[in-house]
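Chemist: pasting the sequence and the predicted model now:
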Amino acid sequence: MADVADLALILFLPWFAILGVLYWVYPRTLEKTAARRRFDVTALVLAFLAAFLAGRWGYATAATGIEAGPIWRQVLASLLAYKAFLLVVGAAWALRGQRFRRAV
């Protein structure tokens, strides 16, 4: 069974899956090569790993440093996990656009 610290990540999994599919599919103007697919898989794995680590760190930080009630741990973990996922996917989106642009 998952640890309570991972609850935020578990609850975000469907949304991360939707964002991951959108990242994978769009933009359609980029070439679909094996190198791009490897880049995409790496980016999505890194985004999930960053979300996992940020959620764990947020839960641990809220547990020790903030006296705002027990729900605050999950709130901070959720906020940081979501932000980390979006940060990595956003950076990968920009890098992918530069790296795999079609030559016209």
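Modeler: That came through fine.
Chemist: quick one: low-confidence parts of this protein?
Modeler: Applying pLDDT under 70 to the chain flags residues 1-5, 63-68, 102-104.
Chemist: find the centremost residue of it, please.
Modeler: The residue lying closest to the centre of the chain (C-alpha atoms, centre = their mean) is residue 85, at 2.0 Å.
Chemist: just give the closest residue to that one, not the sequence neighbours.
Modeler: Spatial nearest neighbour of residue 85, chain neighbours left out: residue 51 (4.1 Å); criterion: C-beta to C-beta, 6 or more residues apart in numbering. Backbone N, C-alpha and C define where each C-beta goes, glycine included.
Chemist: also residue 74?
Modeler: Spatial nearest neighbour of residue 74, chain neighbours left out: residue 8 (5.4 Å); criterion: C-beta to C-beta, 6+ apart.
Chemist: so the one you found touches residue 81, yeah?
Modeler: Yes. Between residue 8 and residue 81 there is a contact at 5.5 Å, judged by C-beta atoms under 8 Å.
Chemist: give me the common contacts of the two.
Modeler: Common neighbours of residue 8 and residue 81 are listed as 55, 58 (criterion: C-beta atoms under 8 Å, 6 or more residues apart in numbering).
Chemist: which helices and strands sit right next to the longest helix along the chain?
Modeler: Longest helix in the chain by number of residues (criterion: DSSP state H): helix 34-65. Applying 3 or more C-beta pairs under 8 Å, 6 or more residues apart in numbering; DSSP states H and E, we find helix 34-65 packed against helix 7-25, helix 71-99.
Chemist: what helices or strands is the shortest one leaning on?
Modeler: Other helices and strands packing on helix 7-25, by 3+ C-beta pairs under 8 Å, 6+ apart, are helix 34-65, helix 71-99.
Chemist: to residue 16, which of these lies closest?
Modeler: Closest to residue 16 of the helices and strands packed on helix 7-25, according to C-beta to C-beta: helix 71-99, at 5.9 Å.
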